[in-house]
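Novice: take a look and give me a structure for this.
(chains A and B)
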Number of protein chains: 2
Amino acid sequence: MSDKPTPLSGFPELLPEQRAVERRVIASLSRSFELHGFTNIETRAVEPLDRLAKGGEVDKEIYALRRLQADEGAGDAGIGLHFDLTVPFARYVLEHSGKLEFPFRRFQIQPAWRGERPQEGRYRQFTQADIDVVGRDELPFHHDVEVVRVMLEALDALPLPDLSFQVNNRKLIQGFYRGLGIPDVTAAIRQIDKLDKQPADAVKALLVSEAGATEAQADRCLELATIRVPDTSFVERVRALGVEDELLETGLAELAAVVAGCQDAVNGHVRLEANLRIARGLDYYTGTVLEVFMAGYERLKSVGGGGRYDALASDGRTTYPGVGVSFGVSRALIPLFADGVLAPGPKVPSQVLVALVDEESRPASDAVATALRRRGIATEVAASAQRFGKQIRYAERRGIPYVWFPDSHEVKDIRSGDQVAADADSWTPATEEIVQ
Amino acid sequence: MSDKPTPLSGFPELLPEQRAVERRVIASLSRSFELHGFTNIETRAVEPLDRLAKGGEVDKEIYALRRLQADEGAGDAGIGLHFDLTVPFARYVLEHSGKLEFPFRRFQIQPAWRGERPQEGRYRQFTQADIDVVGRDELPFHHDVEVVRVMLEALDALPLPDLSFQVNNRKLIQGFYRGLGIPDVTAAIRQIDKLDKQPADAVKALLVSEAGATEAQADRCLELATIRVPDTSFVERVRALGVEDELLETGLAELAAVVAGCQDAVNGHVRLEANLRIARGLDYYTGTVLEVFMAGYERLKSVGGGGRYDALASDGRTTYPGVGVSFGVSRALIPLFADGVLAPGPKVPSQVLVALVDEESRPASDAVATALRRRGIATEVAASAQRFGKQIRYAERRGIPYVWFPDSHEVKDIRSGDQVAADADSWTPATEEIVQ
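Specialist: Just a heads-up that it's a prediction; the model follows:
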């Protein structure tokens, strides 16, 4: 390998000091999810192509695999890389259903792949963090509140810009359109979903031409879509529009329960709003739907989202309803690194560099390191016996806060310059960054 | 998705209770590596095909990627999934060399893919844990001792059967063959490497026919290969064979340093031996070579291995020597799960199930859960207000040790049956399995 490699577009990689931050984010998310009883799984990276391409997902730009050494034409392995964590999770639930306990709470933090055109926040390989609760045959509504709360708490603990959870309910929209008498409810949802890209007038025209709405009906649809409040006052505002429908009432009650149930988890850093414009395309959502936006990064569109699906998976006899939320780890972090909003972490985990007097005394330096590590203090020994000034600069370049001098039994905090006598069997760094 | 999926051969997946063990193993390895100053990186899953197929690695059964939706013929993306973590790491070092500090200690725990025929311990997707130290232009020998020690300590902390590190040195073998006057030293190493598959007589014949050795020379090669000792006594045994060569002397000194330098890290659970038969194929190794075997699982061949390579990577101007050891996480764990040698972990992380008196009192149960979680105790609330006996069995099936009754303010240890009055703001489980 004698050439200088160039980056692959759409496949960003983190430097060690950025990866340190990503690891902390993933550890924090995992801890939050586990505190709520969510168990971790990983699925294989590949699925059969017919499963990936099912349900109109062909637009996800699937990467198919073929074995390079196989005979021409025989190399197609019939499998491809998963493009999200929902399709493999649904398959995992079906395949292992006999060995799982329901309701099954799981979290999954893995890469996914899409061969689409790379742009800021959109990569060909990206890491997602998903939580879902899945039931067998039925899944009580209170799990909708649960998953939204868990993700709120989990994201609240991260060092991110302010986040906004925008929540809606498909039953609310569908019931409203139905009660209003729109001929093609599905087409209407599809048009309303374009409101973030097109002006209201254009969407109104589409509601008339594509969903068969009258001008008056289209106006009411647009009115509904403008309702956006941080509390349950949306209920009265919807009722004031004068539409009556049973499904609408269910949707209003469910959305109110989510908004009310998350009030005490909301703070200055993470907000939650009822936003009656959110539809999340057509997908498989059947109730709660939400998207998560990051302040100052609205151009990324949502950095997370999810909702309720009454048939996450089915094997013909049993149906598995679910509700989940996904957070785009790469989509959120990589732009923040690029903009310097998220500060890099340490280049190395070492808290202490043990200086080396000369190569012959390496065992003495190693002994200090061993004693420190035994007490959970990450330590490395200098690579070579340069002048102490050079060894200190070596520590500085790596962000190692302490240098230990085994000859004088002293340790120097190179940030403050303080140097004190120390015993490797009892000394503890002032910082709390001890490896757990 | 209405069909019952079947497993994909070569792509094993873990149940939640097995994944819990794998996560602990990975956390333990990571902690060990970080204590020694190794920093974590992840590389993208793909590399350009010309980089993957370089250096005669075409036998690794590379999976190439093509975009499913691209025009016929235009879909080949020119990239493939990496088949190990060494090729991508070498590329990462070259690509990011200007932003890394050398010597660069890194660990990497990721899946790799090979389209080979699946068998026990060999999978098409498998997770490896690699550590390497890489220098720029030069890398002092003491790092050989360091990486072997670090992996010894890291594997010693895992709940595995006994492990054996079998160490050798390529300079020792090469120098010995050269000093002996074997015409084709490289061919001789290739034949000796077959000793684990073929009888000594057959290998002897190959040494004569393929490496140009005389019968007497071949006998000496085989004698060298029988030396296997847990200490530095191999030095005298090799000298007794009467071969003199400068490279041999360097190899003896290096191997003796590794064996001596690891003596105090060796214990009943992890042994280290000098085994002069180990060659590790032809690869790129230039000094220390080792393989790791697991007691009772010798049929898996090695579960780990590595060594020194004087040119891990080069961009034409700068060469990056390295030394590393790899541990096959999937290769070791999956057979142990299959055989019941490694006990599964908990099905869920929850320590406490808060019982539900009725659906109306869910907020009271939620409040108990919130108070417990605030103090790091993983907690879930019962999914539905069944009879308490059913709720207790729900906890039992998941392996949740405690059930909390919010109406009577009591908590029951369902293993012992003990039930005591408790306050959610102060009670702590007896077990130490609090989420950190």
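Novice: from here on, contacts and neighbour counts on C-alpha atoms
Specialist: Noted.
Novice: how about the residues of the stretch 101-250 of chain A by chain B?
Specialist: Where the stretch 101-250 of chain A comes near chain B, counting by CA under 8 Å from any CA of the partner chain, the residues are A:101, A:103, A:115, A:125, A:140.
Novice: what count of nearby residues applies to residue A:81?
Specialist: Per other CA atoms under 10 Å in any protein chain shown, the neighbour tally for residue A:81 reads 21.
Novice: one more: residue A:427?
Specialist: 14.
Novice: mind checking the SS state of it?
Specialist: Following DSSP: H, G, I helix; E, B strand; the rest coil, residue A:427 is assigned to coil.
Novice: around chain B, pick out the residues from the stretch 301-436 of chain A.
Specialist: Contact residues, the stretch 301-436 of chain A versus chain B (CA under 8 Å from any CA): A:313-316, A:347-350, A:373, A:376-380, A:383, A:397-398, A:435-436.
Novice: now with 7 Å, please.
Specialist: Selection of the stretch 301-436 of chain A residues close to chain B by CA under 7 Å from any CA of the partner chain yields A:313-316, A:348-350, A:373, A:376-380, A:435.
Novice: picking up where we left off before, which among the residues of the stretch 101-250 of chain A next to chain B count as buried?
Specialist: Burial by neighbour count, 16 or more other CA atoms under 10 Å in any protein chain shown: within these this picks out A:101, A:103, A:115, A:125.
Novice: TSV for those, including pLDDT and secondary structure?
Specialist: Below are these laid out as TSV (pLDDT from 0 to 100; DSSP: H, G, I helix; E, B strand; the rest coil):
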residue	pLDDT	secondary structure
A:101	94	coil
A:103	96	coil
A:115	91	coil
A:125	97	strand
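Novice: quick one: contacts for residue A:369?
Specialist: For residue A:369, the contacting residues are A:354, A:379-381, by CA atoms under 7 Å, 6 or more residues apart in numbering or on different chains.
Novice: buried subset of those residues?
Specialist: Neighbour-count burial (16+ other CA under 10 Å) applied to those gives A:354, A:379-381.
Novice: given the host helix or strand of residue A:404, what are its sheet partners and their directions?
Specialist: According to DSSP states H and E, residue A:404 maps onto strand A:402-405. Partners of strand A:402-405 in the sheet, by DSSP bridges, are strand A:352-354 (parallel), strand A:410-413 (antiparallel).
Novice: what's the helix or strand following the last one packed up against?
Specialist: Reading on from strand A:410-413 to the C-terminus, the next helix or strand found by DSSP H and E is strand A:419-421. In this structure, strand A:419-421 makes packing contacts with strand A:410-413, judged by 3 or more CA pairs under 7 Å, 6 or more residues apart in numbering or on different chains; DSSP states H and E.
Novice: buried ones in the strand it packs on?
Specialist: A:411-413.
Novice: just give me how far that strand sits from the chain centre.
Specialist: Centroid separation for strand A:410-413 versus its chain: 41 Å, with CA atoms, centre = their mean, to the nearest Å.
Novice: stretch A:418-427 too?
Specialist: 42 Å.
Novice: what about residue A:323, distance to chain B?
Specialist: 14 Å (CA to the nearest CA, to the nearest Å).
Novice: in contact with that residue: list those residues for me.
Specialist: Contact analysis of residue A:323 by CA under 7 Å, 6+ apart lists A:132-134, A:144, A:307-309.
Novice: ok, 6 Å please
Specialist: A:132-133, A:307-308 (CA atoms under 6 Å, 6 or more residues apart in numbering or on different chains).
Novice: want to try a markdown table for those, with secondary structure as columns?
Specialist: Putting those into a markdown table (three-state DSSP) gives the following:
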| residue | secondary structure |
| --- | --- |
| A:132 | strand |
| A:133 | strand |
| A:307 | strand |
| A:308 | strand |
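Novice: which residues does the nearest residue to residue A:107 once chain neighbours are set aside form a beta bridge with?
Specialist: In this structure, residue A:107 finds its nearest non-sequential neighbour in residue A:131, 4.4 Å apart by CA to CA, 6 or more residues apart in numbering or on different chains. With DSSP bridges as the criterion, residue A:131 is bridged to residue A:107, residue A:325.
Novice: out of the strands paired with strand A:402-405, which gets nearest to residue A:393?
Specialist: Closest of the strands paired with strand A:402-405 to residue A:393 is strand A:352-354, at 10.8 Å (criterion: CA to CA).
Novice: could you check which residue of the stretch 1-150 of chain A lies nearest chain B?
Specialist: As assessed by CA to the nearest CA, chain B sits closest to residue A:35 within the stretch 1-150 of chain A, at 3.8 Å.
Novice: before we move on, the earlier item: secondary structure added to the contacts of residue A:369, as JSON lines?
Specialist: Output for the contacts of residue A:369, formatted as JSON lines (three-state DSSP):
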{"residue": "A:354", "secondary structure": "strand"}
{"residue": "A:379", "secondary structure": "strand"}
{"residue": "A:380", "secondary structure": "strand"}
{"residue": "A:381", "secondary structure": "strand"}
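Novice: so which residues of the stretch 201-350 of chain A form helices?
Specialist: Applying DSSP state H, counting those that start in this stretch to the stretch 201-350 of chain A gives helices spanning A:215-225, A:234-239, A:246-262, A:329-338.
Novice: what packs against the longest one?
Specialist: Read that as helix A:246-262. helix A:170-180 (3 or more CA pairs under 6 Å, 6 or more residues apart in numbering or on different chains; DSSP states H and E).
Novice: so where is chain A shaky, pLDDT-wise?
Specialist: A:1-2, A:55-60, A:70-75, A:282-283, A:431-436 (pLDDT under 70).
Novice: which residues are in contact with the residue lying farthest from the centre of it?
Specialist: Each residue of chain A has a distance to the centre, and by CA atoms, centre = their mean the biggest one is for residue A:360: 50.2 Å. Applying CA under 6 Å, 6+ apart to residue A:360 gives no contacts.
Novice: one step back: what is the most widely separated pair among the contacts of residue A:323?
Specialist: A:133 and A:307 (10.7 Å).
Novice: who has more neighbours out of the two?
Specialist: With neighbours defined as other CA under 10 Å, residue A:133 and residue A:307 compare such that residue A:307 has more, 26 against 23.
Novice: that older thread, which of the buried residues of strand A:410-413 lies closest to residue A:237?
Specialist: Using CA to CA, residue A:413 comes nearest to residue A:237 of the buried residues of strand A:410-413, at 61.2 Å.
Novice: and the closest residue to the closest one other than its chain neighbours, how many residues sit next to it?
Specialist: Sequence neighbours aside, residue A:402 is the residue nearest to residue A:413 in space, at 4.7 Å (criterion: CA to CA, 6+ apart). By the measure other CA under 10 Å, the count of residues near residue A:402 is 25.
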